[in-house]
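J.: Provided below for reference: sequence and predicted model.
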Amino acid sequence: MILCATPGEQYKAHQTEIDRAIQKVLQSGWYVLGEEVKQFEKEFAEYHGASFSAGVGSGTEALHLAIAALGIGPGDEVITVAHTAVATVSAIELTGAKAVLVDIEPDFFTIDPSKIQAAITSRTKAIVAVHVYGQAANLDEIFRIAKKNNIRVVEDCAQSVGTLYGNKKAGSLGDIGCFSFYPTKNLGAIGDGGAVVTHDEKLAKKVNLLRQYGWEERYISKIPGWNSRLDELQAAVLRVKLRYLDADNQKRIEIAKAYDEAFLGTSVSTPRVRVNTRHTYHLYVIQSERRDALMDHLKKQGIQPMIHYPMPVHLQPAYLGRIGVSGQLEVTEKAANSILSLPMYPELDFESVKKVIQSVREFA
Ligand SMILES: Cc1ncc(COP(=O)(O)O)c(C=O)c1O
């Protein structure tokens, strides 16, 4: 079966280095928030051209901590999209704030800036811009609106580590950038993990307090916090993989180029890339009016595509009828019925890419 992503292949590609890094941690006897995390935070901040980074428990927690560190909570509203992992919305709700969802741009699947102003009220405190699939949202417009309304911008980079907006890394442009290291991500750990990146020292300090019981020193809580720490094993593995991230993203871009060229002139539409950005193809998402039939066809050929995501957040049982929605989410709802993610990961060999191409072309 050709799968969409197989994190085990990444381990095999760097097995010697990863095994060595893990052994070092095991031998050290220090397993949570230690030297490996400190070094990873330094390297991850440098990679982003940012001053600070903090390793945390997951991507959801990175968003939760970031929004909480901005001082957002009960009575506040945060604008984002329904076309995202449900985690974006659950992180907002974890702070006690209300999520307000707006529609996406049809070409890029990211938040439609022209829909934001109408969603802003006196309670709006932030916009969470999701760089979905590895594609950067329209940050110029988002920053313009945020500045005019005096609200903050959080970048959800769970799917976009290494993505460029102009010549800057996604996550380094807004008030704070939030990353997930779930094993299938472009930078994947061997369990859960996440990080925030920011230029704002105060914000970084607040995240550092919140992620560990509000401790400024051991056992003394300065503010109420909780536990969302990155562990040493994850940090050690991430430090190895960070060295290969740009090369891995480049491989994804090459696979995407092969798909783009092969599907030109067929009935499936391929991802458009926003000008002056680098898409890092966490997911390669095509659209087809006969999506379900195409999916069945590919499965019969030994290819396992996926749908990211089959049901927009506002229609899911946990949110239906109670989540804030601004305007009609027509583009979001339409996309959910036509999108299909094809196999995409750096170790995907050329034979498999060829097979995916042949099978899609046969159908389309
Ligand atoms: C866009 C987006 N935001 C947030 C998250 C949450 O990350 P995690 O699974 O590490 O909590 C994910 C991961 O699935 C994601 O894709």
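T.: On my side now, so go ahead. Residues are numbered from 1 along each chain as shown.
J.: so the closest residue to residue 357 other than its chain neighbours: helix, strand or coil?
T.: Spatially, and ignoring its direct neighbours in sequence, residue 357 is nearest to residue 262 (4.2 Å; CB to CB, 6 or more residues apart in numbering). C-beta coordinates here come from the backbone N, C-alpha and C atoms, glycine included. Three-state call for residue 262 (DSSP: H, G, I helix; E, B strand; the rest coil): helix.
J.: which residues touch residue 262?
T.: 357, 360-361 (CB atoms under 8 Å, 6 or more residues apart in numbering).
J.: on the pLDDT front, check it for me.
T.: On pLDDT, residue 262 comes in at 98.
J.: cool, and residue 188?
T.: 98.
J.: can you read off the pLDDT for residue 37?
T.: Reported pLDDT for residue 37: 98.
J.: so how far is the helix or strand where it lies off the chain centroid?
T.: Under the criterion of DSSP states H and E, residue 37 resides in helix 35-47. Centre-to-centre, helix 35-47 and its host chain are 19 Å apart (CA atoms, centre = their mean, to the nearest Å).
J.: buried among the contacts of residue 262? Need that as a selection in ChimeraX.
T.: Typed into ChimeraX, the line below selects the buried ones among those, using 16 or more other CB atoms under 10 Å:
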select :357,360
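J.: from the ligand, how far off is the most centrally placed residue in the chain?
T.: The residue lying closest to the centre of the chain (CA atoms, centre = their mean) is residue 158, at 1.7 Å. From residue 158 across to the ligand, the span is 3 Å (CB to the nearest ligand atom, to the nearest Å).
J.: would you confirm that that residue contacts residue 87?
T.: Yes. In terms of CB atoms under 8 Å, residue 158 counts as a neighbour of residue 87; the distance is 7.2 Å.
J.: overlap of the contact sets of those two?
T.: 59, 180.
J.: how far away is the residue in the chain that the ligand sits nearest to from residue 186?
T.: Closest contact between the chain and the ligand, by CB to the nearest ligand atom, is at residue 59 (2.3 Å). According to CB to CB, to the nearest Å, residue 59 stands 12 Å off from residue 186.
J.: which one of the two has more residues nearby?
T.: Between residue 59 and residue 186, counted using other CB atoms under 10 Å, residue 186 has the larger neighbour count: 29 against 26.
J.: contacts only, for that one.
T.: By CB under 8 Å, 6+ apart, the neighbours of residue 186 are 134, 159-162, 245, 248-249, 252, 280, 282.
J.: next, residue 259: phi, psi?
T.: Main-chain dihedrals, residue 259, degrees, to the nearest 10: phi -60, psi -50.
J.: I figured it hits residue 341, correct?
T.: No. Between residue 259 and residue 341 there is no contact, the gap being 11.4 Å when judged by CB under 8 Å.
J.: who touches both of the two?
T.: With CB under 8 Å, 6+ apart, residue 259 and residue 341 have common neighbours residue 284.
J.: which of these two has more residues huddled nearby?
T.: Of the pair residue 259 and residue 341, residue 259 is the one with more neighbours under other CB under 10 Å, namely 23 against 19.
J.: who are the packing partners of the strand or helix carrying residue 125?
T.: For residue 125, the host element (DSSP H and E) is strand 124-130. Judged by 3 or more CB pairs under 8 Å, 6 or more residues apart in numbering; DSSP states H and E, strand 124-130 is in contact with helix 59-69, strand 77-81, helix 86-94, helix 139-149, strand 152-156.
J.: in JSON lines, list the ones you listed along with distance to residue 223.
T.: Below are those laid out as JSON lines (distance: least, CB to CB, whole Å):
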{"stretch": "helix 59-69", "distance to residue 223": "10"}
{"stretch": "strand 77-81", "distance to residue 223": "21"}
{"stretch": "helix 86-94", "distance to residue 223": "16"}
{"stretch": "helix 139-149", "distance to residue 223": "26"}
{"stretch": "strand 152-156", "distance to residue 223": "19"}
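J.: nothing else from me, thank you.
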